[in-house]
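J.: Give me a 3D structure for the following:
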Amino acid sequence: MLALTHIPSPRMADCLLTFVERSAIDYERALRQHAGYCDVLRDCGAEVRTLDVNRDLPDCTFIEDTAVVLDEVAIIARPGAAARREETAAIERELRKSRDVEQIPAPATLEGGDVLRVGRVLLVGLSSRTSSAGAEALDAVAHRFGYSVRAVPVNGCLHLKTACTALPDHRLLVNPAWIDVAALRDFDVIAVPAAESFGANVACLAEHVVADLIRRMGYNLCVVELDEFAKAEGGVTCLSLLVA
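T.: Sure thing, here's the model as predicted:
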């Protein structure tokens, strides 16, 4: 497993915010936390490649939003936040080393943080950053490779994966306050405690679970400290692009 990450920008304090109040970000601490995150990925067996290609762009460390990487193809996103669209070109060049590449065309918008793969199903969050047209554009590509796409309305957080991620056995960890759980019919859904609202955001590598808050799920658990990234509306999944 290859994990692409991106060094935090010195301009990280100028990041976009939608649901989180702005507060001071300790950049040096963010760098240390990012390095610790990369170390945990390595401990879980991933090869980590840390990029430094979008340093001047405040949200560049949230690399997951730039693309959707499937086994057969990489789909370059078209971020709903226009300020983030400049990030994708450099990430596309990196992904072309290992994948054929397709694009989400304008005017559709789609960010990788709104796309959750569960087997051959792609759950796509309809959020402030991803449009119905974006979900349809993803479906037009993914359908050719045997994937189906299902839209999930997002109403209380930035991206689908903030409120819903999948364990290796395809059970879904969900914060039901932030998404339309009715769209997840046919899935085994586990609601996270209300006191741990960000606990549904986990990253899974093989049998390891990299998480902020979720415990007691029967997996090898690696806990990472990412509070500086939480101030920028980020979590464990958005800091990497996983390339099998």
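
J.: tell me the average confidence for the longest helix seen in the chain?
T.: Counting residues, the longest helix found in the chain (DSSP state H) is helix 27-43. The pLDDT scores in helix 27-43 average 97.

J.: For the helix or strand of the chain with the lowest mean pLDDT, name the packing helices and strands.
T.: Here the helix or strand of the chain ranked lowest by mean pLDDT, DSSP states H and E is strand 208-211, holding a mean of 74. Here strand 208-211 touches helix 27-43, strand 202-205, strand 220-223, going by 3 or more Cβ pairs under 8 Å, 6 or more residues apart in numbering; DSSP states H and E. The way it works is simple: take the backbone N, C-alpha and C, and place the C-beta from them, glycine included.

J.: from the middle of its chain, how far away would the longest helix of the chain be?
T.: Computed by Cα atoms, centre = their mean, to the nearest Å, the chain-centroid distance of helix 27-43 equals 17 Å.

J.: can you list contacts of that helix?
T.: Applying Cβ atoms under 8 Å, 6 or more residues apart in numbering, the external contacts of helix 27-43 come out as 3, 5, 7-8, 10, 12-13, 48, 50, 61, 205, 208, 210, 222, 224-229, 236, 239-240.

J.: distance between stretch 76-91 and the chain's centre?
T.: 14 Å.

J.: cool, stretch 117-132 as well?
T.: Relative to the chain's own centre, stretch 117-132 is displaced by 11 Å; criterion: Cα atoms, centre = their mean.

J.: before we move on, which element is residue 116 in?
T.: Here residue 116 sits within strand 115-118, counting by DSSP states H and E.
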